[in-house]
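>>> Model the following, please.
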Amino acid sequence: KDTQAKADALRDELIARTAEKEALSEEIDALRTAQDERLEDLAALGKELESQGKRLVHERERRQNETAALGNLLGQTRQQISEAQAAVKQKSDELHHEHQKRHILEALAITKGEINAALMAPFFIRRHQRAHNKLKEDLRLISASGLFEADWYVQCYPDVAQAKGGPLRHFVRYGAYELRNPGPEFDSLRYHLANPDVTAHGMAALMHYVRSGKSEGRQVFRVEQP
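Predicted structure coming up:
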C-alpha cells in the first residue's frame with residue numbers, strides 16, 4: 001500500500017509538473033508572440049520614424065531652398081530699388097542742372113540783348129559810345145587774360161569760323177553770353193554755378209573774372225572732357 005501511495009503521489013506530482021510545464025510553455029509562447037508583436041510594432045515605428053525623418057529632411061531642404069530663393073529675390077529687389085533711386089536722383093540732378101543753366105542763359109540773354117542793341121543804335125550816341133567802349137575794353141581784357149584760345153574755340157564751336165570779326169570778337173559779343181567756353185582752362189557754366197551773384201548781375205563769367213573775380217580769389221574750373 002505504501003508503494004502504491006508513493007506511486008500515486010509521484011504520478012500526481014508528475015501530472016502537476018507536466019501541467020505547470022505546459023502552462024509555462026504556453027506563457028512563454030504568449031510572451032514570444034507578444035515580443036514578436038512588439039518587434040513588429042517597433043519595426044513599423046522605426047519605418048515610420050525613418051519616413052518622417054526623410055520628410056523632415058526634404059521639408060528642411062525645401063524651406064532652405066525657398067529661403068535662399070527669397071534671399072536672392074530680396075537682394076535683386078534691393079538692387080533694383082537702389083538702381084531706381086540712383087536713376088531718379090540722376091534725373092533729378094540733370095533737371096536741376098538744366099533749370100539752373102536755363103536761368104543763367106535767360107539772365108545773360110538780357111545783358112547780351114542790351115549790349116548789342118546799344119552797339120547797333122548809333123543814333124543814341126552816349127549809349128552807343130558806352131557800349132563800344134565796353135566792347136573794346138572787354139576785347140583787351142579777354143585777350144590779355146590768357147584764358148581765351150582762338151583755335152580751341154573754333155574747334156569746339158565750328159559755327160564761329162564764319163563769324164565776322166574773328167573768334168575773339170564773337171566770344172566777347174555772343175559766346176560769353178551763350179555759356180560757351182573761351183578755352184580749356186575756363187568753364188563758363190561752372191563759374192556761374194559757383195557764383196550766383198555773377199548771374200544775378202547779368203555778367204558773363206569770364207568778363208566778371210578778369211574784371212574782379214580774379215582779384216577776389218574766385219575759383220576757376222577747367223573744362224571737363226565729354
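>>> mean confidence for the one helix or strand residue 154 maps to?
Here residue 154 sits within helix 150-156, counting by DSSP states H and E. The average of the pLDDT scores along helix 150-156 is 95.
>>> Equivalent analysis for stretch 16-35, please.
Stretch 16-35 comes out with an average pLDDT of 87.
>>> re earlier: where does the helix or strand following the helix holding residue 154 sit relative to the chain's centre, distance-wise?
Next along the chain after helix 150-156, taking DSSP H and E as the criterion, comes helix 166-173. In this view, helix 166-173 has its centroid 43 Å away from the chain centroid, taken as CA atoms, centre = their mean, to the nearest Å.
>>> Flag every buried residue along helix 166-173.
Residues of helix 166-173 classed as buried under the neighbour-count rule (16 or more other CB atoms under 10 Å) are 167, 168, 169, 170, 171, 172, 173. All C-beta spots, glycine's among them, are computed from the backbone N, C-alpha and C.
>>> Reformat those as JSON lines; add distance to residue 218 and pLDDT.
Putting the buried residues of helix 166-173 into JSON lines (distance: CB to CB, whole Å; pLDDT from 0 to 100) gives the following:
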{"residue": "167", "distance to residue 218": "25", "pLDDT": "95"}
{"residue": "168", "distance to residue 218": "23", "pLDDT": "95"}
{"residue": "169", "distance to residue 218": "25", "pLDDT": "94"}
{"residue": "170", "distance to residue 218": "25", "pLDDT": "94"}
{"residue": "171", "distance to residue 218": "20", "pLDDT": "96"}
{"residue": "172", "distance to residue 218": "20", "pLDDT": "95"}
{"residue": "173", "distance to residue 218": "24", "pLDDT": "92"}
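>>> and of those, the nearest to residue 215?
residue 172 (20.2 Å; CB to CB).
>>> Would you mind pulling up the elements that the host helix or strand of residue 3 packs against?
Under the criterion DSSP H and E, the helix or strand holding residue 3 is helix 2-119. Applying 3 or more CB pairs under 8 Å, 6 or more residues apart in numbering; DSSP states H and E, one finds that helix 2-119 contacts helix 125-145, helix 166-173, helix 188-194, helix 196-200.
>>> so how far is that helix from its chain's centroid?
On the basis of CA atoms, centre = their mean, helix 2-119 sits 34 Å off its chain's mean C-alpha point.
>>> Grab the nearest non-local neighbour of residue 118.
The shortest distance from residue 118 to any residue that is not its chain neighbour, by CB to CB, 6 or more residues apart in numbering, is 3.5 Å, and that residue is residue 131.
>>> Now for the one you found: which residues touch it?
For residue 131, the contacting residues are 115, 118, 119, by CB atoms under 8 Å, 6 or more residues apart in numbering.
>>> just residue 205 next, same as before
Counting by CB under 8 Å, 6+ apart, residue 205 makes contact with 176, 179, 186, 188, 189, 191, 192, 195, 198.
>>> re the thing from before, of the helices and strands packed on helix 2-119, which is nearest residue 5?
Taking CB to CB as the criterion, helix 188-194 is the member of these that comes nearest to residue 5, at 137.6 Å.
>>> So what touches the closest one?
Judged by CB under 8 Å, 6+ apart, the contacts made with helix 188-194 from elsewhere in the structure are 100-101, 104, 176, 179-182, 198-199, 204-206, 208-209, 213, 218-221.
>>> Buried residues, that helix. List them.
So for helix 188-194, counting by 16+ other CB under 10 Å, buried means 188, 189, 190, 191, 192, 193.
>>> Done for today, thanks.
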